[in-house]
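Visitor: pasting the sequence and the predicted coordinates here, then a few questions.
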Amino acid sequence: MTIKPLADHILIEPLKQEEKTETGILLPDTAERETPEQGRVLAVGPGKKTDDGKVVPLDVKAGDVVLFTKYGPNKIKVEDKEYLIAKEEDVLAILE
């Protein structure tokens, strides 16, 4: 199944969080974890439409690693894999 974002939406694959705390304690798979705030962009929509009907392309592209707001993206699950769908305004930065 292919997921194609619409308008200014972005499909993000969350990056795995560290399995170890700063002090060296290993976290089990059952530990409660917060939503990651970093991910790899898998697909982007065509852009946001302005009031006069023009499409403004997005600044991010597939393959970019981005930082995003903690509670902005929506979680979705497709074929037992979790993804995030965010608006471009939820993306804070592109990591280079």
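Guide: Here it is on my side, so go on. A quick note: this is a predicted structure, and the numbers were derived from the prediction, not measured.
Visitor: and residue 88, what are its phi and psi?
Guide: phi -60, psi -30 (degrees, to the nearest 10).
Visitor: need the residue closest to the centroid of the chain.
Guide: residue 12 (3.1 Å; CA atoms, centre = their mean).
Visitor: what about the nearest residue to residue 60 once chain neighbours are set aside, which SS state?
Guide: Nearest non-adjacent residue to residue 60, counting by CB to CB, 6 or more residues apart in numbering: residue 41, 5.4 Å away. To be clear about C-beta, it is placed using only N, CA and C from the backbone, and glycine gets the same treatment. Using DSSP: H, G, I helix; E, B strand; the rest coil, the structure places residue 41 in strand.
Visitor: before we move on, back to that, find the helix or strand that the residue nearest to the centre of the chain is a member of.
Guide: Using DSSP states H and E, the element containing residue 12 is strand 9-14.
Visitor: ok, now residue 85?
Guide: Going by DSSP H and E, residue 85 is in strand 81-87.
Visitor: any buried residues in that strand, and which?
Guide: 83-87 (16 or more other CB atoms under 10 Å).
Visitor: again, but for stretch 49-60
Guide: Neighbour-count burial for stretch 49-60 [16+ other CB under 10 Å]: 58, 60.
Visitor: centre of the chain to that stretch, how far?
Guide: 20 Å (CA atoms, centre = their mean, to the nearest Å).
Visitor: TSV please, covering the buried residues of strand 81-87 and showing pLDDT and distance to residue 67.
Guide: Below are the buried residues of strand 81-87 laid out as TSV (pLDDT from 0 to 100; distance: CB to CB, whole Å):
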residue	pLDDT	distance to residue 67
83	95	17
84	95	12
85	96	16
86	96	11
87	95	15
